[in-house]
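[1] Just need the structure, nothing else, for what follows:
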Amino acid sequence: MVLAVIKSWLQTAFSSRFLLLTNTLTGTAVMATGDFLHQHAQNLRERRELTTDWRRTARITAFSATFAPLDHFYFKWLDNQSMHSGG
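    Numbering: from 1, shown residues only. Below you'll find the predicted structure:
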């Protein structure tokens, strides 16, 4: 039952109707999470107090939210180019 609901939700999220939104949210979440983890890894490596620069994370998130839709269309274009070239 639960797996069927998850499967249905994923099929909807990755359908052509919602793909741009899904790619944008996924890309933005990955970038924000990556920045957060990088900050903490760097703090651990330098043996500093574990703090988070939330303004930095917000800037990374805003950057990603801006460029993720562009990436979506760029990779869509690349897919079309590789299909036309026989690759």
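
[2] does the closest residue to residue 64 other than its chain neighbours count as helix, strand or coil?
    Distance criterion CB to CB, 6 or more residues apart in numbering; nearest residue to residue 64, sequence neighbours excluded, is residue 31 at 3.8 Å. For the C-beta atoms, the positions are set from N, CA and C on the backbone; glycine is no exception. Three-state call for residue 31 (DSSP: H, G, I helix; E, B strand; the rest coil): helix.

[3] Number of residues surrounding residue 31?
    By other CB atoms under 10 Å, 19 other residues sit near residue 31.

[4] Residue 33 now?
    Neighbours around residue 33, by other CB under 10 Å: 13.

[5] Tell me the spacing between the residue nearest to residue 64 and residue 63.
    As for residue 31, its distance to residue 63 is 7 Å (criterion: CB to CB, to the nearest Å).

[6] Who are the contact partners of residue 71?
    23, 27 (CB atoms under 8 Å, 6 or more residues apart in numbering).

[7] so where does it fall, helix or strand?
    According to DSSP states H and E, residue 71 maps onto helix 54-84.

[8] Which helix or strand contains the residue nearest to the spatial centre of the chain?
    Most central in the chain under CA atoms, centre = their mean is residue 27, positioned 1.2 Å from the mean C-alpha point. Secondary structure from DSSP H and E places residue 27 in helix 19-45.

[9] Can you name every helix or strand that that helix contacts?
    Helix 19-45 is packed against helix 54-84, with contacts defined by 3 or more CB pairs under 8 Å, 6 or more residues apart in numbering; DSSP states H and E.

[10] The helix it packs on: which residues count as buried?
    57, 60, 61, 64, 68, 72 (16 or more other CB atoms under 10 Å).

[11] Alright, calling it a day.
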